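Participant: Sequence first, predicted coordinates after that:
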Amino acid sequence: MPSEKYDEDARVLDSLSDVEPGSDSDADTLVHSPNAKDRDVLDEHDEAERLLTESSNAKSDFKRENGAGEGRGRRLHKHRRESRTNNETSNLVYEMEEGYKDTSSNSSTISLLLGSQKYEKSAQSRPPYIRFVLMSASIAALFVLLAYGAYRASQSSEATSHVSKQLSNGTHVFEATTILISLDGFRADFLQRGLTPSMNAFVSSGVSPQYMLPSFPSVTFPNHYTLVTGMYPESHGIVGNQFWDQEFQEEFYYTNTSVSMQSRWWEAAEPIWVTAEKQGIKTAIHMWPGSEAHIHNVEPTFLDKFKPYEKLPKKVDRILEFLDKEPEDRPQLIAAYVPDVDRDGHKYGPNSTEIHATIASADQMLTLLIEGLLERNLTEIVNLVVVSDHGMATMSAHRMVQLDDIIDMTLVDHIDGWPLRGLRLKDPERDVPVLYKQLSKAAEEHGTFEVYTLDTMPERYHFTNNPRIAPLWVVPRTGWLVIEREDFDISAAIAAGEEFHPRGIHGFDHEHPLMRAIFIARGPAFQHAPNSRVPVFQNIEVYNIICDSLGMAPHSNNGTIRLPMKTTGLHSDIAEPLELPKDDPADIDNMPGDATVSQNAATPASEPEKDTGSVPPVEQSATEEDAKSSWWKYVHEQLEKAKDWATEIIDSIKNNKGSPDKTDAG
């Protein structure tokens with residue numbers, strides 16, 4: 001048997017340790033004719049094993065007397081029968097774990113693991129290298145066991161447990177719960193237009209930066225996947241709303257869902273609903289870009305497919321419906337996508353009368369949601385996080401450059417992106433240097449766009465390390481377009497007085513003030529003073545923040561911020577609001593280029609121009625609960641005023657608003 005061979009090898013090693021140098025005796029002679037020292041060692045071994053056996057029998061008798069050992073004995077015999085069919089490793093593991101009696105030196109190793117005092121005496125007389133060999137074998141076997149266990153754990157598809165703090169609203173117990181709402185195209189300075197009393201009250205009651213930076217390129221699909229993965233677009237692979245994949249030999253176009261919702265495009269990263277479901281956390285994903293792609297074959301518990309014209313009150317009803325489910329069915333993560341501001345920003349422009357109505361509608365949606373939370377006594381139970389993915393800039397036919405007038409378009413095989421232009425050439429090795437030189441010269445003359453190869457791309461863009469990124473890029477300055485004649489003939493349009501559509505565009509330098517997004521949060525995971533301000537951060541941080549709010553472990557990502565967020569004061573500490581970003585066509589025409597942006601050059605989330613009342617002071621002696629009650633009473637009063645006011649604004653604007661245009665510029 002394998003164990004007998006192991007015992008024989010051990011006895012040979014024992015005997016060989018005492019062979020005199022130069023002896024010609026073979027191993028068998030030494031084993032059967034031990035010298036005096038060998039006899040002493042073997043006698044000590046026998047005595048140690050006899051004592052261990054007696055001790056084991058005594059323990060077994062004790063268990064039988066107390067009725068505790070009968071089931072163990074049956075399991076032990078079954079284990080021994082099964083072990084006969086296993087290999088050498090199984091036998092060794094079984095003997096180590098069960099203390100199986102053996103006359104080999106292996107039993108001495110087991111005694112060492114069990115801490116036998118008798119073994120210590122005999123081990124002192126054993127040659128050091130023998131002890132080292134036996135110890136090494138034992139450690140190696142344990143290491144194999146641990147490595148195998150780790151491998152099995154890494155391969156398991158079962159949900160991983162997580163730590164969740166339970167809270168009660170007085171009638172129901174809630175696990176940690178977070179609502180994440182994305183307002184597509186909601187520019188940070190929209191909060192300063194006097195159209196968002198509810199959102200401004202939310203800023204004053206929660207924690208937020210003055211603005212949040214999107215990722216480059218500042219378009220919808222890359223940024224929504226960044227929000228839920230914590231990864232730059234170059235890392236998660238959705239590098240644009242539209243791009244070419246050389247390996248697939250196919251184009252990703254976000255509105256072509258038969259292609260773009262195939263999982264193969266998305267699986268370089270793990271979205272937050274996959275992270276949550278793997279850890280046993282139920283999720284409800286409402287129309288989030290990419291959520292229908294069956295990523296990693298893990299589905300949200302609840303999934304609502306995209307409907308571009310769903311009414312905002314219905315979205316609120318759906319969110320509250322999730323919260324009203326029975327505890328065993330209730331999702332802990334609810335992520336909802338709201339496309340309205342982006343859609344109307346494209347159609348009418350970010351400074352239009354129409355977009356004001358849409359902004360007010362989005363604010364009224366937040367009013368209804370907070371009212372629903374108040375009615376359910378969930379304002380201190382549920383985390384609410386409101387974000388956007390990017391801003392918006394006004395477009396004009398007078399701020400365009402015709403690409404055909406600069407390069408030979410017959411050299412171009414494919415163009416990625418919008419408004420950025422990623423050029424894939426038919427002969428890149430030959431033509432990239434040539435076109436780069438031509439475009440760079442034109443960029444110096446025009447001063448309205450920049451040109452990059454993968455080697456010269458600014459590091460802050462994090463837009464290089466992915467084969468889906470084209471080798472040559474034309475990046476227009478914010479508010480400008482570089483366009484092909486077949487798509488729009490600039491000279492002919494200007495001569496005819498034709499306007500360019502869409503009226504609003506995004507996708508420019510993600511640090512430009514017109515591309516700024518928002519992040520506002522409140523709830524039990526955000527234990528900050530009302531109106532708290534945190535440093536400006538990029539949207540790669542949102543994934544970790546949401547994971548922490550749910551008490552779950554995030555997947556690897558590019559973010560670094562973890563809860564609790566470190567505040568830098570209050571928004572009210574800022575003496576004067578900073579100047580709003582310029583978005584008037586004439587102003588942009590006179591701008592030499594993109595503004596230099598720093599974290600100190602921020603657009604604050606200030607109170608709306610319309611007077612909604614002052615924030616009620618809280619006495620220093622008041623308890624925390626009193627402060628919360630006072631604050632939410634104030635918020636409730638302001639929400640009631642906001643609903644009536646927003647309804648009047650929306651109705652008055654919609655009377656002059658045309659039928660909706662069902663184009664979507666992303």
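Facilitator: Thanks, I have the structure now. Being a predicted model, the structure only gives us computed values, none of them experimental.

Participant: Surely residue 491 forms part of a strand?
Facilitator: No - applying DSSP: H, G, I helix; E, B strand; the rest coil, one finds residue 491 to be helix, outside a strand.

Participant: Show the contacting residues for it.
Facilitator: residue 402 (Cβ atoms under 8 Å, 6 or more residues apart in numbering). Placement of C-beta: from N, CA and C, glycine included.

Participant: same question, residue 282
Facilitator: 276, 301, 302, 329, 330, 331, 332, 333.

Participant: redo that, cut-off 6 Å
Facilitator: Residues near residue 282 by Cβ atoms under 6 Å, 6 or more residues apart in numbering: 301, 331, 332.

Participant: Can you get me a residue count around the last one?
Facilitator: The burial metric for residue 332, expressed as a neighbour count using other Cβ atoms under 10 Å, is 25.

Participant: how much space between it and residue 471?
Facilitator: 44 Å (Cβ to Cβ, to the nearest Å).

Participant: which stretches of the stretch 401-550 of the chain form strands?
Facilitator: Under the criterion DSSP state E, counting those that start in this stretch, the stretch 401-550 of the chain contains strands at 412-416, 421-425, 449-453, 472-476, 481-483, 504-505, 519-522, 532-533, 537-538.

Participant: closest one to residue 219 among these?
Facilitator: Among those, strand 504-505 comes nearest to residue 219, with 9.7 Å by Cβ to Cβ.

Participant: quick one: strands adjacent to the closest one?
Facilitator: strand 393-394 (antiparallel) (DSSP bridges).

Participant: what ranges do the helices span in the stretch 401-550 of the chain?
Facilitator: 428-446, 490-495, 542-550 (DSSP state H, counting those that start in this stretch).

Participant: ok, the nearest residue to residue 533 once chain neighbours are set aside - how many residues close by?
Facilitator: Leaving out its chain neighbours, the residue that sits closest to residue 533 by Cβ to Cβ, 6 or more residues apart in numbering is residue 571, at 5.0 Å. Residues near residue 571, counting by other Cβ under 10 Å, number 21.

Participant: and if you look at residue 363?
Facilitator: Counted by other Cβ under 10 Å, the residues lying close to residue 363 total 29.

Participant: list the helices and strands the helix or strand hosting it packs on?
Facilitator: Assigned by DSSP states H and E, residue 363 belongs to helix 353-375. Where contact means 3 or more Cβ pairs under 6 Å, 6 or more residues apart in numbering; DSSP states H and E, helix 353-375 is packed against helix 197-205, helix 312-323, helix 340-348, helix 624-654.

Participant: Just after that helix, pick out the following helix or strand.
Facilitator: Per DSSP H and E, the first helix or strand lying C-terminal to helix 353-375 is strand 382-387.

Participant: Identify the residues contacting that next one?
Facilitator: Contacts of strand 382-387 (Cβ under 6 Å, 6+ apart): 177-182, 519-523, 525, 549.

Participant: filter those to the buried ones?
Facilitator: Buried residues within the contacts of strand 382-387, counting neighbours by 16 or more other Cβ atoms under 10 Å: 177-182, 519-523, 525, 549.

Participant: how much space is there between the closest residue to residue 414 other than its chain neighbours and residue 412?
Facilitator: Distances taken as Cβ to Cβ, 6+ apart place residue 424 nearest to residue 414, at 4.2 Å, with adjacent residues excluded. Going from residue 424 to residue 412 by Cβ to Cβ gives 7 Å.

Participant: same deal with residue 493?
Facilitator: From residue 493 over to residue 412 the distance is 22 Å, taken as Cβ to Cβ.

Participant: Single out the most deeply packed of the helices of the stretch 401-550 of the chain.
Facilitator: Mean neighbour count (mean count of other Cβ atoms under 10 Å) peaks for helix 542-550 among the helices of the stretch 401-550 of the chain, with a mean of 24.

Participant: In terms of secondary structure, what does that one contact?
Facilitator: Using 3+ Cβ pairs under 6 Å, 6+ apart: helix 542-550 touches strand 177-183.

Participant: who does the strand it packs on pair up with?
Facilitator: strand 333-338 (parallel), strand 382-387 (parallel).

Participant: the inter-axis angle of that strand versus helix 312-323?
Facilitator: 160 degrees (axes from the mean of the first three to the mean of the last three Cα atoms, to 10 degrees).

Participant: quick one: average confidence on stretch 358-365?
Facilitator: Stretch 358-365 shows an average pLDDT of 98 in the prediction.

Participant: same thing with stretch 444-457?
Facilitator: On average, stretch 444-457 scores 97.

Participant: Report the buried residues of that stretch.
Facilitator: Under 16+ other Cβ under 10 Å, the buried positions of stretch 444-457 are 448, 449, 450, 451, 452, 453, 457.

Participant: what sits up against that stretch?
Facilitator: 401, 436, 439-440, 443, 463-464, 471-477, 480, 482.

Participant: what two of the residues you listed have the greatest distance between them?
Facilitator: 401 and 464, at 24.3 Å, using Cβ to Cβ across the contacts of stretch 444-457.

Participant: Please say which of those two ends up with more neighbours.
Facilitator: Per other Cβ under 10 Å, whichever of residue 401 and residue 464 has more neighbours is residue 401, with 18 against 15.

Participant: Quick one, grab the pLDDT at that one.
Facilitator: We have a pLDDT of 97 for residue 401.

Participant: Contact partners for it?
Facilitator: Neighbour list for residue 401: 446, 448, 482 [criterion: Cβ under 6 Å, 6+ apart].

Participant: out of those, who's nearest residue 241?
Facilitator: Out of those, the member with the shortest distance to residue 241 (by Cβ to Cβ) is residue 482, at 16.6 Å.

Participant: CSV for the contacts of strand 382-387, including pLDDT?
Facilitator: Output for those, formatted as CSV (pLDDT from 0 to 100):
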residue, pLDDT
177, 98
178, 99
179, 99
180, 99
181, 99
182, 99
519, 99
520, 99
521, 99
522, 98
523, 98
525, 98
549, 98
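
Participant: Turn the residues you listed into JSON lines, columns for distance to residue 251.
Facilitator: Formatted as JSON lines, those follow (distance: Cβ to Cβ, whole Å):
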{"residue": "177", "distance to residue 251": "39"}
{"residue": "178", "distance to residue 251": "35"}
{"residue": "179", "distance to residue 251": "35"}
{"residue": "180", "distance to residue 251": "30"}
{"residue": "181", "distance to residue 251": "31"}
{"residue": "182", "distance to residue 251": "25"}
{"residue": "519", "distance to residue 251": "32"}
{"residue": "520", "distance to residue 251": "36"}
{"residue": "521", "distance to residue 251": "37"}
{"residue": "522", "distance to residue 251": "41"}
{"residue": "523", "distance to residue 251": "41"}
{"residue": "525", "distance to residue 251": "40"}
{"residue": "549", "distance to residue 251": "37"}
